[in-house]
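*Asks:* Would you be able to build a 3D model of this:
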Amino acid sequence: MHFSTTALAYLAAAVMSALAPQATQAGITAFSGSNCDGDVGLNVPCDGSCHKFDERHSFRVDSGTGDHCVTVFVDPGCPTDGQGFFLPHQEGACQNVNTGTNIRSFTCAPDAACLQIA
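*Replies:* Got it, this is the predicted structure:
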């Protein structure tokens, strides 16, 4: 059985890819209580997408997934021209969201870089 150089290169790349450590996708879960208690929301990805935060008062980013920045918004839909608050360095601890106003939506960045608000 003979393999071409190209076939061996593809085989080596496939083996290396399978053995390489895979990055863990972080998720974030919001809660109705102030201390990550009460009704539990869905676990949604920390990928910069916008999610509802109505009737929620705390959240937790999955532990062991690195440093993330969560941005919370007063208005629904994560408006870039709306009022928001940065909550950087989320690494798995419970975060109470007591901003003095009702928070309606949020984004969780896939890393420590906070998403910009105009």
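*Asks:* going forward, measure contacts between C-alpha atoms and count neighbours the same way
*Replies:* Noted.
*Asks:* Surely C36 touches F59?
*Replies:* Yes. Under the criterion of CA atoms under 8 Å, C36 lies in contact with F59, with a separation of 6.0 Å.
*Asks:* out of these two, which sits in the busier spot?
*Replies:* Neighbours were tallied for C36 and for F59 using other CA atoms under 10 Å; the higher tally belongs to F59 (27 against 20).
*Asks:* V72 - how many residues pack around it?
*Replies:* Using other CA under 10 Å, the number of residues around V72 comes to 26.
*Asks:* and it, that's in a helix?
*Replies:* No. When classified by DSSP: H, G, I helix; E, B strand; the rest coil, V72 is found to be strand rather than part of a helix.
*Asks:* Mind listing the residues bridging to it?
*Replies:* F85, F106 (DSSP bridges).
*Asks:* And the residue nearest in space to the middle of the chain, how close does it get to T101?
*Replies:* In the chain, the centroid-proximal residue (CA atoms, centre = their mean) is C46; its distance is 1.8 Å. Distance, C46 to T101, by CA to CA, to the nearest Å: 23 Å.
*Asks:* Report the residue spans of this protein with pLDDT below the cut-off.
*Replies:* Along the chain, the parts satisfying pLDDT under 70 run over 1-24, 116-118.
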